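> Sequence plus predicted model, see below.
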Amino acid sequence: MGLDHKIKQAEERAGAPRPLFITITSVVLFLLAAALIGLAVINRMPIAMLVSGTLQTWIALALVAVLLVAMAWGIWNRKDWARITLMMLLIAGILSLFVQEIFSLFSIIFAGERVLSLGDIANSLVTSLIHLFLRGTIPALLLYGLLKTGSEFDVSASQREFVDGIVRYLLFGIAMSAIIIVFMIIFFTMEEAWESVEEIGLENMLLGTIWRPGSIIGEVGQYGLLPMIAGSILSTIGAVVLGVPLSVGTAILLAEVAPQSVREIVRPAIELLAGIPSVVYGLFGMVVLAPLIRTIDVPANNGFGLLNASIVLAVMIIPTVTNIAEDAIRAVPRSYKEGSLAMGTTHWQTIWNVILPAARSGIIAAVILGIGRALGETMAMIMVIGNSIAFPEPLTNNPLTMFLDTARTLTGNIAVEINYAAGPHRSALFFTGLLLFLMILLVNSLARYLMRERQT
Amino acid sequence: MTSIDTTPSALQDRNVDYALKGNLRKRKLQQTIAFGLIWLGGIVAVAMLLWIIGYVMREGLQVINLEFLTTRPAGGVSGEGGMSTTIVTTLYLVVLTIAIATPLGVGSAIYLVEYAGESQLESPLVRRLVKIARSGVEILAGVPSILFGLFGFALFVSALKLKFSLLSAGLSGACMILPVIIRTTEEALLAVPRSFREASLGLGATKWQTIVNVIIPTALPGIVTGIVLSVGRIVAETAIFWVTLGGSYRLPRNLLSAGRSMALHVYSLASETRAFDKAMGTAAILIITIVLLNLMINILSRRLTARSQGR
């Protein structure tokens, strides 16, 4: 019935006179195409271009002309696909006009070369608006007209099915984007790292203890990554030692011990803290923690180093670990808890003997994800760890003073040097990235494995 | 229990009772100590986080005034000047990144939720590819940001010759937030009741019409939540932009010019100029931005739950 109705409508429409707007649009489009081709022919552009070798320009020109003619034909016959295509082109055009205008307006108002008076700002704002109005009115009116006359156009069943089919493949392609990016990251990092593997050698980089890029021509660089590997692992261990007890304690508190009202305040606060930029934590480490650590009376202790990095990292992983561990504790079936309490145990005994063992794999997964985050942290590390390229060593006889020594992480190694590195140096930095990627991949798949185990 | 019974059996019972009570006291003590430690841990964790935020806000708010917000950084090693250009650059970067990542992320999620399920129609190859695509999203979510930076540096900055620019940084940033958008959109789509799809398909709409006219509008608050979440990630991100954006303190004039985001500005000030007060001011603005974005997410998710409960 619906189809009959549609057909009848279409027949009526075919008989009815074509609205003026549609006629004009169609004719204008056709004239545009004709003008394009005409200009090309008059100026002998095809020949000139073919001779000068810009074949692409000519092909592009031809394509545009064909598209214009097709749309003119489609709109003349009131086909919906022509309308949709034209509308999309118009929207793209208006958007690009808008973006250009924003760039030029902002570069006047916000360039901040001098403080502008309100009058100046209003002046450039109005100029911009007029500019936009002059260039955008015709496309906008056309767009408006096409929107208004939407009911005049036909959407045939075959068109709907065609779109439906195309969209399926298009979306399939888009759904592959994530994995394509993963492969591209692996490919580009490996490709860039290959030179260093060939020239410097895997063994020299993984086991070498001296990092001295040959910046002076003729000098042979040394690219031992072991100090950075040690720096990354030691700072992560420090962060785990300091941060995990606090996080797991907080998770137990939120999931089991604290009243609902406390949870309602603390949980969003911790979620908020997960979003605070890492540079803010780094800045805090530089300005507040470093002077505090400097008060520890050990020679050559300048406040920057592994301890500072560990504290900053610990604070940064608290939100991640707390959230996931709390979820794991909450996922323990209620019946476990009730069964244990019914046996006469105290709440704490139930938590310690029943709930925590049941949530174990989830909590471990939380800790491992925290480790992943700590290993990958970059900017805060550069700011507080001191960035020395030497192996961290104890400053006195006490081996724990090693944590007061400066170090450098793998991530920091990349970020500090990549902007000016070249040749094998640059390639060695990409190898650092590859190493980091493999470490993170290992850590994360372990966490994922544990979390999956929990679900089953 | 109140009156004392002196028959032998009752006496024995009482002894057991006493033993139990002693044990209970010990266990209660254990519990008190353990809970005390847990509370202490929680309080220390929250106090540390509050200390950091409080310190940065207190120091930062002293520098913030209209001039600081509306003049550009002076550049060089002086660290003087304001932060106007970094605010605008951050804004450009956010809009650009979202514009690149949203179509990809939402499209991926739509395919993974709406199309990948109907597997009886698909070939085994497609099914396998979908499985790989899912693990790709998971891997991407765990990649540390410096690697996105390194990738962007190799591909966009060097190989595609986009130089250090808004476009390079936006493309690299889009790779980072793609998994965030995919995951949140997937969740939002899964929350749309099955009956909605069936009703729409039953009226004769095609699958695509159902998605555009029924499913996406219903899932919109969830999708927007994911986008706001990604905005937060971009505003907070430093490592990627450190290696792709170039760090120029001037305002970018087009997509191919270099710039400096707010987070990058904090880093540059702190590590190159020692103008810690200005760095604190910029950091305070960053924190305020993140708090506002979080408020937005809370409002959105509240609306989302209200809507799903209203049904």
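Looks like it came in fine.
> going forward, measure contacts and count neighbours with C-alpha atoms only.
Fine.
> just for the stretch 201-311 of chain B, where's the confidence low?
The model of the stretch 201-311 of chain B has pLDDT under 70 over residues B:307-311.
> now swap in chain A and tell me
A:1-17, A:42-56, A:112-116, A:214-219, A:454-456.
> which one is the residue in it that chain B sits nearest to nearest to, not counting chain neighbours?
Of all residues in chain A, residue A:175 sits closest to chain B, at 3.8 Å by CA to the nearest CA. Nearest in space to residue A:175, with sequence neighbours left out and distances taken as CA to CA, 6 or more residues apart in numbering or on different chains, is residue B:108 at 3.8 Å.
> quick check, distance from the helix or strand where the one you found lies to the centre of its chain.
Assigned by DSSP states H and E, residue B:108 belongs to helix B:84-110. Distance of helix B:84-110 from its chain centroid, counting by CA atoms, centre = their mean, to the nearest Å, is 14 Å.
> Show me what that helix packs onto, helices and strands only.
For helix B:84-110, the elements it packs on are helix A:157-175, helix B:66-70, helix B:166-190, helix B:216-236, helix B:262-268, judged by 3 or more CA pairs under 8 Å, 6 or more residues apart in numbering or on different chains; DSSP states H and E.
> Give me the contact status of the longest one with chain A.
Yes. Contact of helix B:166-190 with chain A is found when judged by CA under 8 Å from any CA of the partner chain, involving B:175, B:178, B:179.
> Including distance to residue A:308, could the helices and strands packed on helix B:84-110 go into CSV?
CSV is the format used below for the helices and strands packed on helix B:84-110 (distance: least, CA to CA, whole Å):
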stretch, distance to residue A:308
helix A:157-175, 42
helix B:66-70, 30
helix B:166-190, 28
helix B:216-236, 21
helix B:262-268, 17
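> How is the chain partitioned into domains?
Answering for chain A, as no chain was given. Following automatic domain parsing, one finds the domains of chain A at A:2-156, A:202-455.
> nope, chain B
For chain B, automatic domain parsing gives the domain ranges B:1-63, B:68-310.
> hey, which of the ones you listed is tucked in deepest?
domain B:68-310 (a mean of 21; mean count of other CA atoms under 10 Å in any protein chain shown).
> thinking again about what came up before, so can I have JSON lines of the domains of chain B showing distance to residue A:378?
What follows is these, written out as JSON lines (distance: least, CA to CA, whole Å):
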{"stretch": "domain B:1-63", "distance to residue A:378": "19"}
{"stretch": "domain B:68-310", "distance to residue A:378": "6"}
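> between those domains, which one is nearest to residue A:192?
Evaluated with CA to CA, these place domain B:68-310 nearest to residue A:192, the distance being 7.7 Å.
> And the residue of the stretch 151-300 of chain B closest to chain A?
For the stretch 151-300 of chain B, CA to the nearest CA, closest residue to chain A: residue B:236, 4.2 Å.
> again with the stretch 1-150 of chain B
Nearest residue of the stretch 1-150 of chain B to chain A (CA to the nearest CA) works out as residue B:108 at 3.8 Å.
> Would you map the strands across chain A?
For chain A, the strands defined by DSSP state E occupy A:211-212, A:222-223.
> could the ones you listed go into JSON lines alongside distance to residue A:386 and mean neighbour count?
As requested, those are exported to JSON lines (distance: least, CA to CA, whole Å; neighbours: other CA atoms under 10 Å in any protein chain shown):
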{"stretch": "strand A:211-212", "distance to residue A:386": "15", "mean neighbour count": "17"}
{"stretch": "strand A:222-223", "distance to residue A:386": "19", "mean neighbour count": "22"}
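> Include distance to residue A:239 when you put these into a markdown table, please.
Below are the strands of chain A laid out as a markdown table (distance: least, CA to CA, whole Å):
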| stretch | distance to residue A:239 |
| --- | --- |
| strand A:211-212 | 25 |
| strand A:222-223 | 27 |
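> Make CSV from the ones you listed and add distance to chain B to it.
Output for the strands of chain A, formatted as CSV (distance: least, CA to the nearest CA, whole Å):
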stretch, distance to chain B
strand A:211-212, 20
strand A:222-223, 18
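> What parts of the stretch 351-456 of chain A come near chain B?
Residues of the stretch 351-456 of chain A lying near chain B (CA under 8 Å from any CA): A:372-373, A:376-379, A:383, A:411, A:414-415, A:418-419, A:430, A:433, A:437, A:440-441, A:444.
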